[in-house]
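Enquirer: only geometry, no sequence info:
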């Protein structure tokens, strides 16, 4: 009886296997031997141009996302406050501040290809001076740019709101709003420059 049980155990042990290899046979590959890098090896590596995009750890060029919010927000503000003042028939105006700049910008490396993206909403403070009748009037307002993203700048639109100007007639307000909408072209140019700089990063 005991011999029958021991025979079963022996045959089971021979037939079974485990995932973890506990014994090394003669046909196994030799274990790797660590080698110390020489200064020459290090200099050769630093001179080689990387064949992958993204971080050094991501040599395979798999998914990697980099947050560019800080750079993008600062750059948008810098570009838009550099828009030159516009002269109109009977007035002039300038962008004084980017009071709202909300959104995200990112760079994604996937399959060793670089892709960028962003989505932003903006509010720009404007002030100007117009000749209304015989009198010069100082007017302040806002340009609100609704959400826009990569590839949408050709269709960019915005709304103009004036601060409460009680002594302005309705037709005068409409003329000032039409004048301020002329900022659309220079604002679009600056945002196209931002988009190109983002793609070149």
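Expert: Perfect, thanks for sending it. The structure presented is a predicted model; accordingly, all values stated were derived computationally and were not measured.
Enquirer: packing partners of the helix or strand hosting residue 92?
Expert: Using DSSP states H and E, residue 92 maps to strand 91-110. Helices and strands touching strand 91-110, by 3 or more Cβ pairs under 8 Å, 6 or more residues apart in numbering; DSSP states H and E, are strand 64-67, helix 69-81, strand 86-88, strand 113-132, strand 135-149, helix 170-180, helix 184-200. Where you see a C-beta, it was placed from the backbone N, CA and C, and this is true even at glycine.
Enquirer: residue 91: what's it in contact with?
Expert: In this structure, residue 91 makes contact with 128-131, 176, 179, judged by Cβ atoms under 8 Å, 6 or more residues apart in numbering.
Enquirer: quick check, nearest of these to residue 111?
Expert: residue 179 (48.7 Å; Cβ to Cβ).
Enquirer: for that closest one, give its distance to residue 84.
Expert: 15 Å (Cβ to Cβ, to the nearest Å).
Enquirer: so those two - more neighbours on which side?
Expert: Under the neighbour definition other Cβ atoms under 10 Å, residue 179 and residue 84 were set side by side, and residue 179 has more, 21 against 8.
Enquirer: now do that one, the pLDDT please.
Expert: We have a pLDDT of 94 for residue 179.
Enquirer: and what of the one 5 residues further on?
Expert: The score at residue 184 is 96. That number is its pLDDT.
Enquirer: what's the answer for residue 8, then?
Expert: 54.
Enquirer: returning to that earlier point: residue 160 is nearest to which of the helices and strands packed on strand 91-110?
Expert: With Cβ to Cβ as the criterion, residue 160 lies closest to helix 170-180 of the helices and strands packed on strand 91-110, at 4.6 Å.
Enquirer: quick revisit: mind giving me a markdown table with the helices and strands packed on strand 91-110 and columns for distance to residue 161?
Expert: Supplementary listing: the helices and strands packed on strand 91-110 in a markdown table, determined by distance: least, Cβ to Cβ, whole Å:
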| stretch | distance to residue 161 |
| --- | --- |
| strand 64-67 | 32 |
| helix 69-81 | 17 |
| strand 86-88 | 17 |
| strand 113-132 | 9 |
| strand 135-149 | 5 |
| helix 170-180 | 9 |
| helix 184-200 | 15 |
